[in-house]
Structures are given as structure tokens and as C-alpha cells.
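Peer 1: this one's sequence-less:
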């Protein structure tokens, strides 16, 4: 039987994260360097998830219900400043997937996210980046483009949507701003140990 108290706490943590995200999106504050309030939320939620894992193990569907497990996965996905925690969460989720206790897509998304942050090609095509030249969103580099839809199907994901062809270049001022933001993120990832500069 799922632990309703664990489930409800995970849902509250998730809702706090998503509500803040919506607030910052509405005010236009989310587009740019990592917002301090969002970063603080992610740190707080990851710290609490670590404590819950120490008490219960990974909050899989049998422990936290499907929506509680989804909330735990989202918190792990958003713990972007903590490489070791994110890698540990991936290992725990993979073990639960192998036991039929968590959806395979949870592991696929987290694996791809780690690959993006480490600067490696992703397997499932779940992570996208915005092109600084035309502003369009496209999948981060895919390890095996010919097999990506087969791999996605194996974890319960729909085929990858068509990738947008190059669009018209943005004005120079916007391109330079986008390139500056991209550099900020690459430097930030290196500062957290994801990449080596």
C-alpha cells in the first residue's frame, strides 16, 4: 500500500516548484541565468528528497503512488546543481524500473538530462536546447538518430516530433544576447562539476 503521507509531501514539493515556475514565467523572469528563487527551491526540494530516500528508499509507485513517484522524479530532474545526487537518483530509478516499480520513461528522461549537462549525446531525444541563431528549440545531440524512435518506444515514449529546419536568423542584438546566455549556462554547468572548462 502506498504511504499517503509520503505521497502528499512529494506532491506539495512538486507543486511548490511548479507554482514558482509559473510565477516567474508570468513575470518574464525565468528566461535568463538560473533565477535565485528557482535555484533555492530546487536545492530545498532535493535536500528533502534525499531525506525521504534515506527513510523509504526511492519513492516508487508502490511506495508513493503513481503521482507521488512522478513528483519524486520531477524533483530529481530539477536538482540540476547537484550532479552526484542526480546520478544517484538515476541509479535508484533504474533499479525500480527493473523491478516494475517505476516507469521506464523516468529513467530515460533523467539519463538524457545528465547527458545534456555533461555535454554527451542523449539516447532518447527528450532534452531540447534553443538555437541562439534562430531561437528555435531542437533536440540536444542524439547518439543514434536512426534508432531513437525505437529506443523511445522501448520506454513508452511517442516518436520524436519532426525537427525544425533552420529558420531565419534573429537580429544580431538578440543573437548576441542568446550566445551570452548560452555561455553563462555552460560556465554554470562547469562550476557545478558537470563539465570541465
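Peer 2: On my side now, so go ahead. If you're wondering where the values come from, they're calculated on a predicted model, not measured in any experiment. Numbering: from 1, shown residues only.

Peer 1: Spit out the contact partners of the residue nearest the centre of the chain.
Peer 2: Nearest to the mean C-alpha position of the chain, counting by Cα atoms, centre = their mean, stands residue 77 at 3.7 Å. The contact partners of residue 77, taken as Cβ atoms under 8 Å, 6 or more residues apart in numbering, are 109, 110, 113. In short, each C-beta sits where N, CA and C put it, glycine included.

Peer 1: Looking at the residues you listed, which is nearest residue 56?
Peer 2: Set against residue 56, the nearest of the contacts of residue 77 by Cβ to Cβ is residue 110 (18.8 Å).

Peer 1: now the strands: where do they sit in this structure?
Peer 2: Secondary structure of the chain (DSSP state E): strands located at 128-130, 137-139.

Peer 1: Mind putting those strands into CSV with distance to residue 57, mean pLDDT and mean neighbour count?
Peer 2: Shown next, in CSV, are those (distance: least, Cβ to Cβ, whole Å; pLDDT from 0 to 100; neighbours: other Cβ atoms under 10 Å):
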stretch, distance to residue 57, mean pLDDT, mean neighbour count
strand 128-130, 32, 95, 14
strand 137-139, 32, 96, 15
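
Peer 1: Residue 169 is nearest to which of those strands?
Peer 2: The nearest among the strands of the chain, by Cβ to Cβ, is strand 128-130 at 13.7 Å.

Peer 1: which strands and helices sit next to that closest one?
Peer 2: strand 137-139 (3 or more Cβ pairs under 8 Å, 6 or more residues apart in numbering; DSSP states H and E).

Peer 1: pLDDT score assigned to residue 76?
Peer 2: For residue 76, the model assigns a pLDDT of 98.

Peer 1: Tell me how many other residues surround the closest residue to it other than its chain neighbours.
Peer 2: In space, and not counting its chain neighbours, residue 76 is closest to residue 89: 3.8 Å by Cβ to Cβ, 6 or more residues apart in numbering. When counting by other Cβ atoms under 10 Å, one arrives at 26 neighbours for residue 89.

Peer 1: again, but for residue 33
Peer 2: 12.

Peer 1: One more: residue 57?
Peer 2: With other Cβ under 10 Å as criterion, residue 57 counts 13.

Peer 1: nearest residue to residue 10 other than its sequence neighbours?
Peer 2: That would be residue 71: by Cβ to Cβ, 6+ apart, it lies 4.0 Å from residue 10.

Peer 1: Then residue 7?
Peer 2: Going by Cβ to Cβ, 6+ apart, residue 7 has residue 68 as its nearest residue, at 3.5 Å.

Peer 1: contacting residues around that neighbour?
Peer 2: Contacts of residue 68 by Cβ under 8 Å, 6+ apart are 2, 6, 7, 8, 10, 11, 59, 61.

Peer 1: Distance of the second one relative to residue 13?
Peer 2: In this case it means residue 6. Relative to residue 13, residue 6 is positioned 11 Å away (criterion: Cβ to Cβ, to the nearest Å).

Peer 1: Would you mind telling me which of those two has more residues around it?
Peer 2: residue 13 (22 against 18).
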